[in-house]
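Enquirer: With the input below, show me the fold.
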Amino acid sequence: MASARITSFLVKIASRCNLDCDYCYVYHHADQGWRSMPSKMSLEVRSAFASRIAEYATEVGLKRAVVVFHGGEPLLAGADTIAAFADELRGAVGPEVRLDIAMQTNGLLLTEAALDVIEAADISVSLSLDGPREANDLHRTSRKGRSSFDRVMAAYRLLEKRKSIFAGVIAVVDPAIPPDDLFAFFDELRPPKLDFLLPDAHHLRPPPGREAQPSRYRDWLVRAFDLWFDVYPHLPVRTFESMLDVAAGLPSATDAFGFGDVNLLSIETDGSYHDLDVLKIVRDGATALSGSVRDAAVSAVAASPGIEAHRALLRKDGLSEKCLGCTVVDVCGGGSVPHRYNEGGFRNPSVYCGELFSLIRHVEARLAEGLAAEPEDLGSRLPPDFDLERFELAETSGPAIRLLTHDARGAYLARFRSALHHASGLGRDVAVAATQLADGSEDALADLAGQPGVVAWTRAVLTEAAGGLVHDVDGKPLRADGEYLIELADRLGGGKPTMAVGVEDRWLRAPFGDQIVFEPTAVAVDAVPLVAQALGIVRSWRPALADEMAAACRAVQFVRDPSADPAKIVSYSDDSVPGALFVSVSQGDRLIDPYDLADSLIHEHRHQKLYLLERFGPTVSPTAPRVVSPWRADLRPPSGLLHAVFVFVELKRFWTHVFEIGPRHMRDRAANQLRDTDRNLELGFATLRTCSMTPLGDVLIGILDRARHQRPVAA
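Expert: As a prediction, the model looks like this:
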């Protein structure tokens, strides 16, 4: 297995604090290592870390990373020092790496002057605030027990005026404060993000007050979820959003739910490397890893036994017997690792196991109630004469593709016009660009609005305008930037839209966070002619398919997976950037064969083609459970399996063509692909027949089952 890929760094720029919160895992739990740490990180250590992160970025091809300044209280190091450190880090990694820098603060030292410095350095700020005065002052007081509430609220008022850097609020739950009071308080404030955390605990140090009141945390969580679900769904509460994401099979944005991998390192003020900081609650030295920024590369630490032991706990085979036999384990994931600790180690259920189980079951019941109360809409808005069989085959799909793309074009244009209205408040230059765009010709604006990156940007603008935030696959917020709109104004009227191949467009890439690595410009330049060659192969084989791809697809981006075998060819599509094809063009130190690239382009086009159809109606019942993917041995929604079969049917046609009249060097490859595709189709159809499909989905499955045995026939 490849080493852990580190994309986040928690940097202890200051090790002391000007508050004495009694639940703090740094000062009031097992590990007291802070006492021997320098109070502030020295310039020497800061520079050494900058060199290490730059070295690591180059070594593993890191294109995006996050650095969180932490403590203690990071502002004890001074805003100027923090800003200078941020500049040094960005300078070290260079412009090829997007470095998101954040800070977690208690707010006591925030001033207008400090925020001027922090904002100029583009450092996002999260504030610790447990709720109204009675909640905040239960635990977040000075060493003399004095209230921190007024000073924290003053910091909040300063931050709410700095929307470009205010990331949200973190609140630690005390069940003594009713969730009704917390939600009423935060509903008045409307933070950009709200995170409720349970007090850190484990089996040797159980949650405070639970022995006397066994149900206090469970009852609080259930009531809080109901309030959020029924009354305050407009508040972006990460805890509950993540639970719904994991229940739906999506990645979790928090380590409290779901499985994952280690992607974070902590760096103490002395430069030493440490594991997840919250592990300090279990025992002295629990987070310690070998080496420091002075003498050890990040890659060496990422491959260390300590990190590998932590990674094992995030996989199913690292869970306890009780967890493995639990019906909600796929949602819970065993819970947060530090909360599993007991005398024998971490192979135990979470100390919050009962609470998590009750909450997950309650959430499932609430969702089921909602579905039962509202009958499923299994229909579609396709016209009665829409012919699915003609749609499936490129030679007869022309009228259907024109209908589907015309409908999408109108929807994207309407949403983009709305986004232009909301974006006018992002600054004078942005307002000028918005006006210029709005005054442009209808056709030119529609062509622009339908570009995949523009669709993603539009979604971010409209979500923010509605009081929410769009997040990338890593769970980080994506804020719509006005500069992108200014760039779009320069694109307006650029002529007839064509497929943009390898073009730099940050909003084509932003939704995928650190999960995807995009090829540098030098590789993209060499790969553009290869795309033309691959599309030429498609056109010489089936001109109708090439025309269909040109009508439905607007962009090609070049990606790679550094963690995969160098010989592996990867590609993907996502409906958040409709019409974009993401393909790999490299194998080791060379470009891939154009026939393999043609395969990837056809593959991802078929996904985009089915996405267009699914805009008109569902193919799978919304209540259909996930099924085991017959060729990947994991759970996935039936819609994903239908997409795979829809792709394989077309690829079988392609590789049959290559096997029969393609170049000699591709014959064995084609034979292998056909054998694998036939097997996958057989297994895929057998599984789909057990799934709850809509009428549209059932008809499509029948058409595909027949099509896999036929050759394409020209119209």
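Enquirer: only C-alpha atoms for contact and neighbour calcs from this point on.
Expert: Fine.
Enquirer: now the strands: where do they sit in the stretch 551-700 of the chain?
Expert: 555-560, 571-572, 580-583, 586-587, 590-591, 627-628, 635-636 (DSSP state E, counting those that start in this stretch).
Enquirer: With respect to G467, which of those lies nearest?
Expert: Relative to G467, the nearest member of the strands of the stretch 551-700 of the chain by CA to CA is strand 580-583, separated by 27.6 Å.
Enquirer: now what about the closest one, what contacts it?
Expert: By CA atoms under 8 Å, 6 or more residues apart in numbering, the surrounding residues in contact with strand 580-583 are 452, 508, 553-560, 570-574, 597, 600-601, 604-605, 608.
Enquirer: Under the pLDDT cut-off, which ranges of the stretch 451-600 of the chain? List them.
Expert: 474-475, 493-497, 562-567 (pLDDT under 70).
Enquirer: what's the distance between A707 and R653?
Expert: Note on A707: its distance to R653, by CA to CA, to the nearest Å, is 10 Å.
Enquirer: circling back: with distance to D20 and mean neighbour count as added columns, please give the strands of the stretch 551-700 of the chain in a markdown table.
Expert: As requested, those are exported to a markdown table (distance: least, CA to CA, whole Å; neighbours: other CA atoms under 10 Å):
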| stretch | distance to D20 | mean neighbour count |
| --- | --- | --- |
| strand 555-560 | 47 | 22 |
| strand 571-572 | 48 | 18 |
| strand 580-583 | 49 | 26 |
| strand 586-587 | 54 | 18 |
| strand 590-591 | 57 | 12 |
| strand 627-628 | 49 | 16 |
| strand 635-636 | 45 | 16 |
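Enquirer: Out of those strands, flag the one nearest D174.
Expert: Using CA to CA, the nearest of the strands of the stretch 551-700 of the chain to D174 is strand 635-636, at 36.1 Å.
Enquirer: returning to that earlier point: now render the strands of the stretch 551-700 of the chain as CSV, adding distance to S397.
Expert: Formatted as CSV, the strands of the stretch 551-700 of the chain follow (distance: least, CA to CA, whole Å):
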stretch, distance to S397
strand 555-560, 21
strand 571-572, 23
strand 580-583, 20
strand 586-587, 32
strand 590-591, 33
strand 627-628, 30
strand 635-636, 29
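Enquirer: Any idea which of those gets closest to A400?
Expert: For A400, the closest of these is strand 580-583, at 19.7 Å, according to CA to CA.
Enquirer: How is G168 assigned, secondary-structure-wise?
Expert: strand (DSSP: H, G, I helix; E, B strand; the rest coil).
Enquirer: Let's check: the centremost residue of the protein is which one?
Expert: Using CA atoms, centre = their mean, the residue of the chain that lies closest to the mean C-alpha position is V473, 1.0 Å off.
Enquirer: That residue belongs to a strand?
Expert: No: going by three-state DSSP, the assignment for V473 is coil, not a strand.
Enquirer: residues touching it, list them.
Expert: By CA under 8 Å, 6+ apart, the neighbours of V473 are 251, 511-513, 515.
Enquirer: mind redoing it with 6 Å?
Expert: By CA atoms under 6 Å, 6 or more residues apart in numbering, V473 lies in contact with 512-513.
Enquirer: quick one, helices of the stretch 551-700 of the chain?
Expert: Ranges of helices in the stretch 551-700 of the chain, per DSSP state H, counting those that start in this stretch, are 594-614, 638-661, 667-688, 695-707.
Enquirer: ok, and which of these has the densest surroundings?
Expert: helix 594-614 (a mean of 22; mean count of other CA atoms under 10 Å).
Enquirer: Just the CA coordinates for it, please, in CSV.
Expert: Taking C-alpha atoms only, helix 594-614 is exported to CSV below (Å, rounded to 0.1, in the frame of the first residue of the first chain):
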residue,chain,number,x,y,z
PRO,A,594,-4.2,7.3,-28.6
TYR,A,595,-6.5,4.2,-28.7
ASP,A,596,-6.4,4.1,-24.9
LEU,A,597,-7.2,7.8,-24.7
ALA,A,598,-10.0,7.3,-27.2
ASP,A,599,-11.4,4.7,-24.7
SER,A,600,-11.2,7.2,-21.8
LEU,A,601,-12.9,9.9,-23.8
ILE,A,602,-15.7,7.6,-25.0
HIS,A,603,-16.1,6.3,-21.4
GLU,A,604,-16.5,9.7,-19.8
HIS,A,605,-18.7,11.0,-22.7
ARG,A,606,-21.2,8.2,-22.0
HIS,A,607,-21.4,9.3,-18.4
GLN,A,608,-22.1,12.8,-19.5
LYS,A,609,-24.7,11.6,-22.0
LEU,A,610,-26.5,9.8,-19.2
TYR,A,611,-26.3,12.8,-16.9
LEU,A,612,-28.1,14.8,-19.6
LEU,A,613,-30.9,12.2,-19.6
GLU,A,614,-31.1,12.1,-15.8
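Enquirer: okay, the angle between that helix and helix 695-707?
Expert: 150 degrees (axes from the mean of the first three to the mean of the last three CA atoms, to 10 degrees).
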